[in-house]
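Participant: model this:
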Amino acid sequence: MEGDDTDMVAAESTEADFDDMKRRLKEMEEEASALREMQAKVEKEMGSVQDPAAAATSQENREEVDSRSVFVGNVDYSCTPEEVQQHFQSCGTVNRITIRTDKFGQPKGYAYVEFLEAEAVQEALLLNESELHGRQLKVTAKRTNIPGMKQYRPRRSNPFMRPRGPFMPPYFVAPYGYGKVPRLRMATPYSPYY
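Facilitator: Next up, the predicted model:
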């Protein structure tokens, strides 16, 4: 009779544990779904939805913008975007001027000019080797960077460094040591005045 009571108590406690585990699992699933909804909301607000269709669209958009842009090299460091715009105004309507700078805010010496029309690029290419602030500009069509197509440049070996690896003895080992010559051990007669 006592064994039956123990089994019933054990069965009730395992049932209660099982119900408690189910309840906690349901709470965890609700929390996970709430987190997923919050993450989707944040991604939507940030505009960083990582779907392949959006990435392809942005790549096509970038290519279209680059087809309307030119690279301008050898730009004077004191040149302002307004002066560059004024220089390229004769080619067509300028949409944007980008003068690249280093981490200290100093110009790098080149700029990108984006036009509203693609035909303006051909007109801008005619301004190659024109002068702005006493410097001869280099104008070329802007190229589109392809993600993942970085040029691989292997490390050059240093001719002065020996290769790492197991010790390899030199080709010829002198039996008496480096720079030593064997002494002749031939018996010679003693002659004090020779």
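
Participant: all strands for this protein, in order.
Facilitator: For the chain, the strands defined by DSSP state E cover 69-73, 94-101, 107-115, 131-132, 135-136, 138-141.

Participant: and of the ones you listed, who's closest to His87?
Facilitator: Across the strands of the chain, the minimum distance to His87, taken as Cβ to Cβ, is reached by strand 131-132, at 5.2 Å. Every residue, glycine included, has its C-beta placed from N, CA and C.

Participant: If you count contacts, what does that closest one end up packed against?
Facilitator: With contacts defined as 3 or more Cβ pairs under 8 Å, 6 or more residues apart in numbering; DSSP states H and E, strand 131-132 has these neighbours: helix 81-88.

Participant: Quick check: buried residues in the helix it packs on?
Facilitator: By neighbour count with 16 or more other Cβ atoms under 10 Å, helix 81-88 contains the buried residues Val84, His87, Phe88.

Participant: wait, what's in contact with the last one?
Facilitator: Contacts for Phe88 were tallied using Cβ atoms under 8 Å, 6 or more residues apart in numbering; they are Val70, Val94, Val113, Phe115, Ala124, Leu127.

Participant: One more pass at 10 Å, please.
Facilitator: Listed by Cβ atoms under 10 Å, 6 or more residues apart in numbering, the contact set of Phe88 reads 70, 72, 94, 97, 111, 113, 115, 120, 123-124, 127, 130, 132, 137, 139.

Participant: Can you give me the separation between the nearest residue to Ser90 once chain neighbours are set aside and Ser130?
Facilitator: In space, not counting the residues next to it along the chain, Ser90 is nearest to Glu123; the distance is 7.4 Å by Cβ to Cβ, 6 or more residues apart in numbering. In this structure, Glu123 and Ser130 are 12 Å apart, going by Cβ to Cβ, to the nearest Å.
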